[in-house]
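S.K.: this one's structure only:
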């Protein structure tokens, strides 16, 4: 199967993020924070890399159902495409709603809501696990008879639509607000204000929320994020943090029926003997403090430089992984994961991040040599890679904590 429109649109995403950054500087607002934006991009990278391995679950299941149970043979056409877009968007509404209303599923979607900022980089903040929980919602489309490639491309277009609505630079859009999901509607969805929780699940068409009673207009500026903030720049922890908490809650809940409801009920549900469902805490925009860590001097620049390389390698991975040997595919995926974890840890002043970064740099050169071994590219690439690794190592050495350990620096971090 060819690359999806989502992958092909990655360069456009970064161009538009650049435009929004310029607008932010022009207006002298503070809608971007470097650590938060890099974490958003990290989650996007890990989601795309994980998708290489997990796509077999969703697309594989859809293909199996289509081949075995399709009622019709719907040929590709503009008319069929419009119908499929509408049905796929309806499927997205229900998949999205279930992701918020079932605690187990929420762990596969919470990543997208963890950012306490709201800008186009947040659109890239996607879970690596969500498809495992919601793929079944789209299987009726396979039964109807929409072929898998057709479904993948059209549903990708419905997903692409949602990129532009992650911005505060666009206000309300008049009559379009009645039909389309807009930045105003989606800002509500990302708000942690009690009145905004579990509202506006739409993908492209807000009519589903109006029809099924989950619509809420934007009347006050949202406070973004989740009710229990993540307080981390680690993209791997962002993807899995919900499940240790869920497991602890299950262990502390009496009775099998109650435990099952903890897992499959709404997030925050508790039995009456434990006080009942948790109340959604009120939040005040004027007093709310976003998660913040003051990184060591010069570290943000170093991490940003490493991310330029990481994004390039991740894009190369997504575009070329079909031609790779399985071992190469796994090694590159692990290298990308190590890079984003180390970057997040450095921004948090974690001692282990400083310890991880040196072997990661050396591993980068070893991986490059292994990938190009026996090719004409090896001498030049190894030389350039060696220079880059040495320069990075020298830069890192210059930035190392002096007079205090990284652990001491982390102890001074504020949240």
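M.R.: Ah, there it is. Not measured: the values here are computed from a predicted model. Residues are numbered from 1 along each chain as shown.
S.K.: any idea how far residue 261 is from residue 17?
M.R.: Using CB to CB, to the nearest Å, residue 261 is found at 41 Å from residue 17. (C-beta placed from N, C-alpha, C; glycine too.)
S.K.: what about those two, which has more around it?
M.R.: Set residue 261 next to residue 17 and count neighbours by other CB atoms under 10 Å: residue 17 wins out with 22 against 16.
S.K.: which of the helices or strands spans residue 84?
M.R.: Assigned by DSSP states H and E, residue 84 falls within helix 78-101.
S.K.: if you count contacts, what does that helix end up packed against?
M.R.: helix 103-106, helix 131-134, helix 139-144, helix 148-161, helix 207-212 (3 or more CB pairs under 8 Å, 6 or more residues apart in numbering; DSSP states H and E).
S.K.: got the buried residues for that helix?
M.R.: For helix 78-101, a neighbour-count test (16 or more other CB atoms under 10 Å) marks 80, 84-93, 95-100 as buried.
S.K.: how far off helix 148-161 does it point, in degrees?
M.R.: Inter-element angle recorded for helix 78-101 and helix 148-161: 60 degrees (by axes from the mean of the first three to the mean of the last three CA atoms, to 10 degrees).
S.K.: what residues does helix 78-101 touch?
M.R.: With CB atoms under 8 Å, 6 or more residues apart in numbering as the test, helix 78-101 has contacts from 74, 105-106, 108-109, 130, 133-134, 137-138, 140-141, 144, 146, 150-151, 154-155, 157-159, 198, 201-205, 208-209, 212, 214, 266-267.
S.K.: tell me, what residue is most central in the protein?
M.R.: residue 126 (1.8 Å; CA atoms, centre = their mean).
S.K.: the residue nearest to it when sequence neighbours are not counted and residue 207, how far apart?
M.R.: Nearest residue to residue 126, sequence neighbours excluded (CB to CB, 6 or more residues apart in numbering): residue 47, at 4.0 Å. Going from residue 47 to residue 207 by CB to CB gives 28 Å.
S.K.: next one: residue 368
M.R.: Counting by CB to CB - residue 368 and residue 207 are separated by 51 Å.
S.K.: how is this protein divided into domains?
M.R.: Listed domain ranges for the chain are 5-172, 250-274, 299-411 (source: automatic domain parsing).
S.K.: low pLDDT regions in the protein?
M.R.: 1-8, 402-415 (pLDDT under 70).
S.K.: longest helix in it, by residue count?
M.R.: helix 34-69 (DSSP state H).
S.K.: work out the gap between that one and the centre of the chain.
M.R.: The chain centre lies 10 Å from the centre of helix 34-69; the measure is CA atoms, centre = their mean, to the nearest Å.
S.K.: can you check stretch 81-92 too?
M.R.: With CA atoms, centre = their mean, you get 23 Å for stretch 81-92.
S.K.: returning to that earlier point: got JSON lines for the domains of the chain, with distance to residue 284 too?
M.R.: Shown next, in JSON lines, are the domains of the chain (distance: least, CB to CB, whole Å):
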{"stretch": "domain 5-172", "distance to residue 284": "14"}
{"stretch": "domain 250-274", "distance to residue 284": "20"}
{"stretch": "domain 299-411", "distance to residue 284": "26"}
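S.K.: how about the ones you listed, which one is nearest residue 293?
M.R.: Closest to residue 293 of the domains of the chain, according to CB to CB: domain 299-411, at 5.1 Å.
S.K.: out of the domains of the chain, which is closest to residue 226?
M.R.: Once these are compared by CB to CB, domain 5-172 is nearest, at 5.2 Å.
S.K.: rewinding a little: the residue nearest to the centre of the chain reaches residue 110, doesn't it?
M.R.: No. The pair residue 126 / residue 110 is not scored as a contact, 11.4 Å apart, by CB atoms under 8 Å.
S.K.: picking that back up, just want to know which of residue 368 and residue 207 has more residues nearby.
M.R.: Taking neighbours as other CB under 10 Å, residue 368 and residue 207 compare with residue 368 leading, 21 against 18.
S.K.: does the more buried one lie in a helix or a strand, and which?
M.R.: Here residue 368 is assigned to helix 351-372, by DSSP H and E.
S.K.: helices or strands next to the longest helix of the chain in the packing?
M.R.: helix 120-123, helix 131-134, helix 139-144, helix 148-161, helix 235-240, helix 299-320, helix 326-347.
S.K.: mean neighbour count, those helices: which tops it?
M.R.: Between the helices and strands packed on helix 34-69, helix 120-123 has the highest mean count of neighbours, a mean of 24, where neighbours are mean count of other CB atoms under 10 Å.
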